[in-house]
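The amino acid sequence is not available; the structure is as follows:
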Ligand SMILES: C[S@@+](CC[C@H](N)C(=O)[O-])C[C@H]1O[C@@H](n2cnc3c(N)ncnc32)[C@H](O)[C@@H]1O
């Protein structure tokens, strides 16, 4: 839900029928749009003319900042199987395909999957599937790398999704995850001025951001809450980045894009531990040993924990 569309309808979908042989078939996106009986994915399917690709016009800096973050978090990794969860039209699947032998883009929106089929036409390594973050319809321990970007703002309670991620990832498997940061420095200052602190619960920003009575959830998250939930699902944090730190219409007018991106590149790791920017990116992994039971919150010990400043 990332533009000011009018009159979106309620969000929701039913459980899907299982896919067959998720990793054994390498069919192309064009042939794999609809495999399950799912209802539409609400807001993203409401308007057949809605094209999420247009959202990115004028947001070249944000897109470049996210590519910098993703490349940085993936480093020299190359894995066999990656999944882009809530991949939309495939904006980041293209990049992800450079780090994996095969990529599955998963999305509950048929409309996004149709756009992805077009956008990823030339990407023979990427296939598209109809599923939800909390029910990926993939076998246990079958994925080496999961990507989740700009999706958690539609998922106020991500615990079921995190449990699902831990189920499908191989031991040692990696998760790169982004969330809209309710504790960003501007929010913190605003709340401080009113004598308040950032709440642990997700903050709904739907009406404020869209000006509509949209029913699809649109929330920012508390970094501490998200980290607790990820640890409870068995993940350990390797790295934290603060992304889109220069998101400002004025700065975008003043500074050339390459300068913005160069500064952003420097700031991401420095500001990450302070939960500075509007978007936080995490790289996590599942320990290779036996899985810990859900609910086992571990002691701090990562960069993200030790310097957490979400008040
Ligand atoms: C803002 S778009 C982001 C798309 C893509 N990840 C990107 O960064 O370009 C959000 C996407 O999340 C999908 N989505 C919403 N709720 C979801 C859920 N519960 N599980 C998986 N995807 C979901 C939407 O259908 C939409 O395609």
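Happy to help now that I have it. Note that the coordinates shown come from a computational prediction; the quantities given were computed from them, not determined experimentally.

of all the residues in the stretch 51-200 of the chain, which ones are close to the ligand?
85-88, 91-92, 107-109, 112, 132-133, 149-151, 154-155 (C-beta under 6 Å from any ligand atom). In short, each C-beta sits where N, CA and C put it, glycine included.

Can you show me the helices along the stretch 51-200 of the chain?
Listed from the start of the chain, the stretch 51-200 of the chain has helices (DSSP state H, counting those that start in this stretch) covering 52-55, 60-74, 93-96, 110-119, 159-168, 185-193.

Going by neighbour count, which residues in the fifth one are buried?
Burial within helix 159-168, assessed by neighbour count using 16 or more other C-beta atoms under 10 Å, is assigned to 161-162, 164-168.

repeat for the second one
Neighbour-count burial for helix 60-74 flags 61-62, 64-66, 68-70, 72-74 (criterion: 16+ other C-beta under 10 Å).

Could you check the pLDDT of the nearest residue to residue 63 once chain neighbours are set aside?
Of all residues beyond its chain neighbours, the one nearest residue 63 is residue 56 (5.6 Å), with distances taken as C-beta to C-beta, 6 or more residues apart in numbering. Each residue has a pLDDT score; the one for residue 56 is 86.

For residue 56, give me its contacts.
Residue 56 makes contact with 62-63, 91, according to C-beta atoms under 8 Å, 6 or more residues apart in numbering.

wait, which of those is closest to the ligand?
Using C-beta to the nearest ligand atom, residue 91 is the member of those that lies nearest the ligand, at 3.6 Å.

how many neighbours does the closest one have?
22 (other C-beta atoms under 10 Å).

wait, what's in contact with the residue sitting nearest the centre point of the chain?
The central residue of the chain, meaning the one whose C-alpha is nearest the mean C-alpha position (C-alpha atoms, centre = their mean), is residue 149 at 2.0 Å. Taking C-beta under 8 Å, 6+ apart as the contact definition, residue 149 lies against 66, 70, 86, 92, 176-178, 281.

Go through these and flag which are in strands.
When the contacts of residue 149 are checked against strands using DSSP state E, the ones located there are 176-178, 281.

Tabulate those residues in CSV, adding columns for pLDDT, distance to residue 205 and neighbour count.
As requested, the ones in strands among the contacts of residue 149 are arranged in CSV below (pLDDT from 0 to 100; distance: C-beta to C-beta, whole Å; neighbours: other C-beta atoms under 10 Å):
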residue, pLDDT, distance to residue 205, neighbour count
176, 98, 23, 26
177, 98, 19, 25
178, 98, 16, 24
281, 98, 19, 26
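
need the contacts of residue 56 in TSV with distance to residue 124, can you?
What follows is the contacts of residue 56, written out as TSV (distance: C-beta to C-beta, whole Å):
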residue	distance to residue 124
62	28
63	24
91	18
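
Any chance of TSV for those residues, columns pLDDT?
Formatted as TSV, the entries for those read as follows, by pLDDT from 0 to 100:
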residue	pLDDT
62	96
63	97
91	97
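
residue ranges of the strands in the stretch 101-250 of the chain, please?
126-130, 143-148, 169-180, 203-204, 219-220, 236-243 (DSSP state E, counting those that start in this stretch).

Relative to the whole chain's centre, how far out is the fourth one?
Same thing as strand 203-204. For strand 203-204, the separation from the chain centroid amounts to 17 Å (computed by C-alpha atoms, centre = their mean, to the nearest Å).

ditto for the first one
Centre-to-centre, strand 126-130 and its host chain are 16 Å apart (C-alpha atoms, centre = their mean).

For residue 236, the count of nearby residues, please.
Using other C-beta under 10 Å as the criterion, the residues surrounding residue 236 number 13.

make that residue 94, sorry
Neighbour count for residue 94, taken as other C-beta under 10 Å: 17.

shouldn't it be in contact with residue 116?
No - the pair residue 94 and residue 116 does not pass the contact test of C-beta atoms under 8 Å, sitting 10.3 Å apart.

gap between residue 281 and residue 231?
Distance from residue 281 to residue 231, counting by C-beta to C-beta, to the nearest Å: 17 Å.

And residue 96, by the same measure?
In this structure, residue 96 and residue 231 are separated by 25 Å, where distance is defined by C-beta to C-beta.

Ok, residue 85 next?
Counting by C-beta to C-beta, the separation of residue 85 from residue 231 is 19 Å.

Which of these two has more residues huddled nearby?
Legend: neighbour count by other C-beta under 10 Å for residue 85 and residue 231, higher for residue 85 (26 against 23).
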